[in-house]
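Engineer: What follows is a predicted protein model with its sequence.
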Amino acid sequence: MKVLALTLNAAALAAAACIATPVQAQTLGGASGPAGDAQQVEKCDAPKGTLAVVEPQNAVLQALLNIGLQSPTGIIRLIVQQSNCFQIVERGAAFQNMMQERALAAGGQLQGDQNVGKGQMVAADFIVTPSVVFSNPNAGGVGGGLLGGLGGLLGLVGALAGGLKFKEAQTSMTMADTRSGIQVAAAEGSAQKTDFNIGGVLFGGGGGAALGGYSNTAEGKIVAASFLDNWNKIVLSIRNNPSLIQAKAGPASQANAAGSVKAGAGSAGDVYVAKIAGVKVYRSAGEGAELTSLSKVDEVIYEGEEQNGFMKVATPRGTGWVKAIMVRKQ
């Protein structure tokens, strides 16, 4: 019996030490290490555009609710914000309040000069969709799962070890371009450490209470750690990617919009008319030799091709190019 008592005491001390000892910082240039041991948020020099974090699928939300956690979009938005890689646009619960204010303005219920209405919201250049799964969900707590088989005498050891409902959290994120629908990045993350200092990494040792279980429960910290590991891998894959437009002097979202296929563009065969009299039609896609000029009632047929802001059109004088901003669809 003395041998068993000594074994139990040693196990209890080992479990307590596992909780009390902080994870040592990795020495991998800031990148996340094995098993999601990310010690900092990977950062960008400037935002690459705007980004919206969408809600996970219902099955993912239900799995999180089963361990006492809400939607992970809040913790993901915090991580993305701290990375400085994207500006976050609101598409969560507050979005309904934003639309409510616009509805009040449209209904004439707001005071004058409030400047709330259409055409003010910024589009999301990219959308991130998160997911999360848990491995070995019936293993019990770290320590509890390993030692619980010895019976009730080890219940305290299981409690000290956190009583975790899963062994490991594994997350994934996909990032897609909202205009083209092309997936531009995808990565996975994982975490096992019950002593992961997610509070110190994301909240600087204070705050974070608004995120609920993700900042003050063992399960929440592991899921948050996995998402941090996950996002760091996304950043490492896109940080120097030339296909993502870098923000320098101006807003990156404007550059992304300008470089994309024009929204609402006409189809070949559509009839257009000039917005004002005297609109010039050029022989090439630029202000070079003129082919003809249009009155406000002259009709041209769009041939389905655009270059440098000019549309290729068929006129009674032949085929030419007209500035897209100078004509409208009939």
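Structural biologist: Thanks, I have the structure now.

Engineer: And the strands in this structure?
Structural biologist: Using DSSP state E, the strands of the chain run over 50-53, 87-88, 126-135, 168-177, 183-191, 271-274, 279-282, 290-294, 299-307, 310-315, 318-323, 327-329.

Engineer: Mean neighbour count, those strands: which tops it?
Structural biologist: Ranked by mean neighbour count, the strands of the chain are led by strand 50-53 with a mean of 22 (mean count of other CB atoms under 10 Å). Heads up, the C-betas are built off the backbone N, CA and C, glycines and all.

Engineer: What pairs with that strand, parallel or antiparallel?
Structural biologist: Here strand 50-53 is paired, per DSSP bridges, with strand 87-88 (parallel), strand 126-135 (parallel).

Engineer: hmm, back to that, need the strands of the chain in JSON lines with distance to residue 69 and mean pLDDT, can you?
Structural biologist: Putting those into JSON lines (distance: least, CB to CB, whole Å; pLDDT from 0 to 100) gives the following:
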{"stretch": "strand 50-53", "distance to residue 69": "16", "mean pLDDT": "94"}
{"stretch": "strand 87-88", "distance to residue 69": "21", "mean pLDDT": "93"}
{"stretch": "strand 126-135", "distance to residue 69": "9", "mean pLDDT": "90"}
{"stretch": "strand 168-177", "distance to residue 69": "10", "mean pLDDT": "92"}
{"stretch": "strand 183-191", "distance to residue 69": "14", "mean pLDDT": "91"}
{"stretch": "strand 271-274", "distance to residue 69": "54", "mean pLDDT": "95"}
{"stretch": "strand 279-282", "distance to residue 69": "59", "mean pLDDT": "96"}
{"stretch": "strand 290-294", "distance to residue 69": "62", "mean pLDDT": "96"}
{"stretch": "strand 299-307", "distance to residue 69": "48", "mean pLDDT": "92"}
{"stretch": "strand 310-315", "distance to residue 69": "52", "mean pLDDT": "95"}
{"stretch": "strand 318-323", "distance to residue 69": "54", "mean pLDDT": "96"}
{"stretch": "strand 327-329", "distance to residue 69": "50", "mean pLDDT": "93"}
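
Engineer: Is it possible to get JSON lines of those strands that adds distance to residue 233?
Structural biologist: Output for the strands of the chain, formatted as JSON lines (distance: least, CB to CB, whole Å):
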{"stretch": "strand 50-53", "distance to residue 233": "16"}
{"stretch": "strand 87-88", "distance to residue 233": "19"}
{"stretch": "strand 126-135", "distance to residue 233": "13"}
{"stretch": "strand 168-177", "distance to residue 233": "9"}
{"stretch": "strand 183-191", "distance to residue 233": "4"}
{"stretch": "strand 271-274", "distance to residue 233": "47"}
{"stretch": "strand 279-282", "distance to residue 233": "49"}
{"stretch": "strand 290-294", "distance to residue 233": "54"}
{"stretch": "strand 299-307", "distance to residue 233": "37"}
{"stretch": "strand 310-315", "distance to residue 233": "42"}
{"stretch": "strand 318-323", "distance to residue 233": "45"}
{"stretch": "strand 327-329", "distance to residue 233": "45"}
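
Engineer: Out of the ones you listed, which is closest to residue 62?
Structural biologist: In terms of CB to CB, the element of those nearest to residue 62 is strand 126-135, at 11.4 Å.

Engineer: Dump the closest one to CSV, keeping only the CA atoms.
Structural biologist: In CSV, the C-alpha atoms belonging to strand 126-135 read as follows (Å, rounded to 0.1, in the frame of the first residue of the first chain):
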residue,chain,number,x,y,z
PHE,A,126,-11.6,37.5,-49.0
ILE,A,127,-13.7,35.2,-46.9
VAL,A,128,-12.3,32.7,-44.3
THR,A,129,-14.3,29.6,-43.4
PRO,A,130,-13.2,27.8,-40.3
SER,A,131,-13.8,24.3,-39.1
VAL,A,132,-12.8,22.3,-36.0
VAL,A,133,-12.7,18.6,-35.0
PHE,A,134,-11.7,16.9,-31.8
SER,A,135,-9.7,13.7,-31.7
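
Engineer: Would you work out how far apart the start and end of stretch 166-185 are?
Structural biologist: 28 Å (CA to CA, to the nearest Å).

Engineer: Stretch 258-278 too?
Structural biologist: Length of stretch 258-278, first residue to last, CA to CA: 27 Å.

Engineer: now swap in stretch 83-101 and tell me
Structural biologist: Stretch 83-101: ends 30 Å apart by CA to CA.

Engineer: ok, residue 297 - contacts?
Structural biologist: Residue 297 makes contact with residue 273, according to CB atoms under 8 Å, 6 or more residues apart in numbering.

Engineer: now it: how far from residue 284?
Structural biologist: Distance, residue 297 to residue 284, using CB to CB, to the nearest Å: 26 Å.

Engineer: swap in residue 278?
Structural biologist: 20 Å.
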